[in-house]
Each structure stands twice: as C-alpha cells, then as structure tokens.
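> using only what follows, build the 3D model:
(4 chains)
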Number of protein chains: 4
Amino acid sequence: MFSIRVYNLSDKWQNLSGHLEGQQHFLPIRVYYEDTDFSGLVYHASYLLWCERARTEFVRLLGLHQKDMFAQKDPKKQRFFVVRRMELDYLKPALMDDQLEVVSRVDELGSASVTLIQEVRRGDTVLFCAKVVIVHMSGEGRPARMDEATREAFLSKES
Amino acid sequence: MFSIRVYNLSDKWQNLSGHLEGQQHFLPIRVYYEDTDFSGLVYHASYLLWCERARTEFVRLLGLHQKDMFAQKDPKKQRFFVVRRMELDYLKPALMDDQLEVVSRVDELGSASVTLIQEVRRGDTVLFCAKVVIVHMSGEGRPARMDEATREAFLSKES
Amino acid sequence: MFSIRVYNLSDKWQNLSGHLEGQQHFLPIRVYYEDTDFSGLVYHASYLLWCERARTEFVRLLGLHQKDMFAQKDPKKQRFFVVRRMELDYLKPALMDDQLEVVSRVDELGSASVTLIQEVRRGDTVLFCAKVVIVHMSGEGRPARMDEATREAFLSKES
Amino acid sequence: MFSIRVYNLSDKWQNLSGHLEGQQHFLPIRVYYEDTDFSGLVYHASYLLWCERARTEFVRLLGLHQKDMFAQKDPKKQRFFVVRRMELDYLKPALMDDQLEVVSRVDELGSASVTLIQEVRRGDTVLFCAKVVIVHMSGEGRPARMDEATREAFLSKES
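The predicted structure follows:
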C-alpha cells in the first residue's frame, strides 16, 4: 500500500539491533512509564514485548528478513513465524528507569519450529526467564518446513 | 489468509458495542492494571486506546464495516480511516478499577474527513476530552471522498 | 494522593465484571486495532492483557478487593498478588473485531499461591490456554500466607 | 517496597538515553510488531509512547530525577509531571522495522508548566508532530511552582 523505505540510522545509533556474542544475542532495554503499573513494579506483559523486540533483532542479525518473508503475495510462498508456546518465570521485579538486557539463544531447532531461551537481566541478576517455541508458517496458515538458508541461519548459532 | 468467522455474543453479552443515544455513542470502560503506571494514575496513552475502541464501536453501530472496507483486494477500492489530528485535554486523572464511559459524537463532516468530539467521563465528571480528525483513505494512500452511504451514516448522527 | 471515588455503572452497564457460572468466571472481550499487528492477527501479548482483566474481575466477584489490600500503609500489612509463572499455548489466532470470552477457574490453592487455568474462546473453539501461578505477597516483598477469608473466597470456587 | 538499585549499562550500551545536541534531544526508535496494527501501519498511540520515552530521557539528561522527585514520602514535597494537553499531527505513516528519531525541544517555560515540541522523523521526513504541555504537580494533586534548579535545567535548553 505504502512504499517501504528503510532509513538506516545504524551508523549514528549503534546497537539499535543489540549485538551477537558467541551464540547469544543481547538487546538493551530501558524501563519507561508505559512498562510500569500502579503497584510500582513492571507490568507482567512488558517482558513479552521486550522478548519479542529481542527476537526481531536476533533474527535480523542472523540475516533473516521477516518483513520480506511476509510480503510475498502468493500465500503459498508467504512465510512468517508465530509464537506457539511460552513458559515464563517471573523471578524478581524490574522497576522504573532500570537498564536491562534481554539475552536470547536458540535452544532447539526443529524442521518447522525453533525453541528459544530468553532471559531479562539486570546486571548479573536474572529477573525473568522464558522458553519460547515459534513456528514457521505459510500464508495458508499451516506450519511450513524451513528452507536450508533459514535453518543454517539458526544452526550457526545453535548451542 | 485465515478465514474470518465472526461469532456473535451480543445476545449473551449485551452492550459489547456500547450504545447510541440520540446523537451520541456511549461505551463503558473499566480501568485495569495495564492502564495504570507507577504514579498510581492512568497512563496518558490509555485514553487514546479507549477512544479508538469507542470510534470502532460507534462506526460499527452506524452500519459501517471497517474490516470489509479494508479487505477489498484492489487498492483503488480499499478504504479505511486514519487519524490525522488530535487535540487532547487531560482534566482529571482516572484511577485503577474506575468505571468510566467514553462519549463520542460527530462534530463536523467533510467530503473525506470526519471530526469527532470524545469525552472520557466518570459519572458526570469529564476526565479527558479529545477532538479527533479522521480521514477516509484509499488503499493507494490518498484521501478519498466518502460515498453517499458512508456520509449518510455519519450525517444521521451529526448535531 | 488523590481521593479514590468509585462510580458504579453496573446497573447501566451489566456484565462489566463478566459473571460467575458454577466454578468458572466468564469475561467478554472484543478485539480492537490495539490488539492486532501487521500480520493481521492478534499480537501475542494481548492475550495476557485479557487474562489479567479476567483475573481482576474474577477476584472482584469473589469478594476480594485488590486495591484495598494494596492500599494498606504498613508494608507488613500490605498484600497483593504477583504473577510467578505462566505456561501459554497459542492454539488458533484471534482476529480484528472478534467477540471472545476469557474463561477462568481455580486449579490449585496453596498457602500463599493460587494456580488458575484461563482459556480464550471464540464460541466453542479454544484459541489460547494459560496456566497461571499467582503468589500472595506482603509489602515487604515476600510471599505471605493467605488469611482464611482470602482462602475461603478461592476455595468456594475450587474444582 | 523493593529496594531500588540502578545498574548502569551506559558504558556498554551507548545512547540508551539518546543525546542532547544544541537545544534538542534526539532518541532513536525502532518500530516493532507491538507498534503496528492490522492495517500494516503504526498504531496511532505508539507515537505517544515514543514521545513519553523521549521526554523521560530528555529530562534525565537535563539532570532532573523524576523517580526521586516522586519518591518523597511527604505529599507536600512530592513532585511529578503530568501531561495536561497535547496537539498531535499525524503527517505520514511509520512502518514495521523503521528506524526513527524522536526530536524534542522546550518551546515555552511557565512557572509550573513546560511546553515541548516533539517530532518523530524518518531521516529528514517528519512523520508526526506533537505540542505537549506538561504540568509540575505536588503530591497533593495541585500544580506546583518549579524551584530554581528545575527551571534552570529547562532554561538552559530553551530556544
């Protein structure tokens, strides 16, 4: 509908995508008003937003282009990832103004699914831990086997 | 991509769309954790979410089907509304657990735009007031004159 | 800080808190723009917001007043619930305009924790299922044994 | 309730607070799934979240500590800012994956209020412009004259 132009600010703003270090991806997060609730602590769903941002940047740095995969016009060729299952442990609360990191790594690689472990940390303290199963889908709404390039992208980082 | 089935619960759950009364639309809102921040008050962006819910239900009760307008495959025929301008006054704070109403009415009707006045009220007290200009767009990304049926839908409620 | 007045609209707007039916609580949900993302489906974190709304209303209808529990000035007396763990299964996607129900029930009752099962349904179809462990905390940041009245409130609904 | 420890990641992750340049503050923003809706464009309320993040970092870099101002136990001494009024112009849509900047500057300084101009830009293109009036409040819920240090912080950046 609208032409899609990407304006690249990565020279000016380093680390906008976080970075890879060995088999892990690191993304910095600042806690803002929007993330807190009247209890004074961070609202439980904000951790999911942070993890989703981290997955998006992780996959981008692995060389996969989700928007292009999704933008295929033929539904048979269209590909995208959906979350199928999550196990979430809330260990310690994050607070307004905190500087945090989301640390993500591939745990298991299936033919049409990837399992990730994602932690939200403040310094060395793990505040939150998630096991996330994402499924590679076709535009027809069914799981689709990943092609070799996609698997390779994840494999090179698999532990 | 996915077939769209609408399951109608309006017999069981009355007022899911709020209701029209004269030239105004009323939608009830409950304040939840997600709407508050660590100050103890409602976060300022939540009022916009409530107003957007109210516009969606208002337009639905006027007989316009946004999802169908948008679902046209030919971009020339595709139609949707976007927010062009808002003036927002935050008068008094809303709080956790509050029962509120969003009261919406058409203020002005242009050939390709509609101006709405929307208030968030707790009882008779106006907590928030918005003047919202929405524009009727084609899928090609340009303002599109509303057809007669669309204008009529709004006109019948115009003050 | 601000005096807290509750304006009761439950006569005018029935079902704002959903309702109890046997051992289950039902809350209606409408899917709005805010819940969707560019894939056209509902964003995965919206299900958590809906479940939190349902827990808030469920607990309210059980007779527990979270805001009062939290508003105690002495941290030793202050009580509130936090989410400790969640297991989430995303089974089928919800879509814009959908009319859904969150169905919640108590699964297990510990001395300082409650496990809930929550489903998001469209008609008879379960779209999403969550197992949620919430912990009863004191204002000092430690789990606190629930008093008899609080346990009773949950027990009467336990399956 | 919980002790507040700030873990400083600003050496590792530069630009987490954006930066000041002359009289303006710049904050980079990446568009994520959470910011988009089923129209494929960015949801209108996300611009408000981005502007609030930018105000938080702007005020931090000016040397004001919102959390400390708010954490005073005596309501007479407690200070915080609330949004009183906003004028928002949505000029062009932002899209998934976009790299954007929020550019903020002080427009007017009153005795108990500050007016800011905030733009969301993609490269040189202004997508969104906001005029935001924030009011300096006491914990008793009334506007409170800013002390000299607070005014100075803003004045040094006033155009």
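
> packing partners of the lowest-mean-pLDDT helix or strand in chain A?
Counting by mean pLDDT, DSSP states H and E, the weakest-scoring helix or strand in chain A turns out to be helix A:66-71, with a mean of 77. For helix A:66-71, the elements it packs on are helix A:46-61, strand A:79-90, judged by 3 or more Cβ pairs under 8 Å, 6 or more residues apart in numbering or on different chains; DSSP states H and E. Where C-beta positions appear, they are placed from N, C-alpha and C, glycine not excepted.

> centre of the chain to that helix, how far?
15 Å (Cα atoms, centre = their mean, to the nearest Å).

> name the residues that touch that helix?
A:I4, A:T56, A:V59, A:R60, A:Q78, A:R79, A:F80, A:F81, C:F38, C:S39, D:M96, D:D97 (Cβ atoms under 8 Å, 6 or more residues apart in numbering or on different chains).

> swap in 6 Å and give it another go.
A:R79, A:F80, D:M96, D:D97 (Cβ atoms under 6 Å, 6 or more residues apart in numbering or on different chains).

> and what of stretch A:103-115?
A:23-26, A:54, A:58, A:116-119, A:133-136, A:143-145, A:154, A:157-158.

> before we move on, back to that, may I see the buried residues of the least confident helix or strand of chain A?
A:Q66, A:M69, A:F70 (16 or more other Cβ atoms under 10 Å in any protein chain shown).

> quick one: the second one and chain B, what's the gap?
The reference is to A:M69. 14 Å (Cβ to the nearest Cβ, to the nearest Å).

> just the first one next, same as before
Relative to chain B, A:Q66 is positioned 15 Å away (Cβ to the nearest Cβ).

> same check on A:W50?
In terms of Cβ to the nearest Cβ, A:W50 sits 16 Å off from chain B.

> closest to D:L16 out of the buried residues of helix A:66-71?
A:Q66 (24.7 Å; Cβ to Cβ).

> so does the longest strand anywhere in chain A get close to chain B?
What stands out as the longest strand in chain A, according to DSSP state E, is strand A:125-138. No: interface with chain B: strand A:125-138 contributes nothing (Cβ under 6 Å from any Cβ of the partner chain), its closest point being 9.3 Å away.

> now the following helix or strand past that strand: mean pLDDT?
Where DSSP states H and E defines the elements, the next helix or strand beyond strand A:125-138 is helix A:148-155. Mean pLDDT, computed over helix A:148-155, is 90.

> alpha carbons only: can I get helix A:148-155 in CSV?
Listed next in CSV are the C-alpha coordinates belonging to helix A:148-155 (Å, rounded to 0.1, in the frame of the first residue of the first chain):
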residue,chain,number,x,y,z
GLU,A,148,18.1,-24.6,4.2
ALA,A,149,19.1,-21.0,4.3
THR,A,150,16.7,-20.3,7.2
ARG,A,151,17.9,-23.4,9.1
GLU,A,152,21.5,-22.5,8.5
ALA,A,153,20.9,-19.1,9.9
PHE,A,154,19.7,-20.6,13.2
LEU,A,155,22.1,-23.5,13.2
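
> could you check the angle helix A:46-61 makes with it?
120 degrees (axes from the mean of the first three to the mean of the last three Cα atoms, to 10 degrees).

> helix A:148-155: which residues count as buried?
Here helix A:148-155 shows A:T150, A:R151, A:A153, A:F154 as buried, counting by 16+ other Cβ under 10 Å.

> next: stretch A:134-143.
Buried residues in stretch A:134-143 (16+ other Cβ under 10 Å): A:I134, A:V135, A:H136, A:M137, A:S138, A:G139.

> pLDDT for the residues you listed - can I get that in TSV?
Converted to TSV, the buried residues of stretch A:134-143 look like this (pLDDT from 0 to 100):
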residue	pLDDT
A:I134	97
A:V135	97
A:H136	95
A:M137	93
A:S138	91
A:G139	87
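
> quick one: which of those is nearest C:G123?
Looking across the buried residues of stretch A:134-143 and measuring by Cβ to Cβ, the closest to C:G123 is A:M137, at 23.1 Å.

> distance of A:F38 from C:L27?
20 Å (Cβ to Cβ, to the nearest Å).

> who has more neighbours out of these two?
C:L27 (27 against 22; other Cβ atoms under 10 Å in any protein chain shown).

> now do the contacts for the more buried one.
Here C:L27 is in contact with C:G18, C:A54, C:E57, C:V102 (Cβ under 6 Å, 6+ apart).

> wait, the second one sits on C:V102?
Yes: in this structure C:A54 lies within contact range of C:V102 using Cβ atoms under 6 Å: 3.8 Å.

> just give me the neighbour total for the nearest residue to A:A94 once chain neighbours are set aside.
Spatial nearest neighbour of A:A94, chain neighbours left out: A:V42 (4.2 Å); criterion: Cβ to Cβ, 6 or more residues apart in numbering or on different chains. Applying other Cβ under 10 Å, we find 25 other residues in the vicinity of A:V42.
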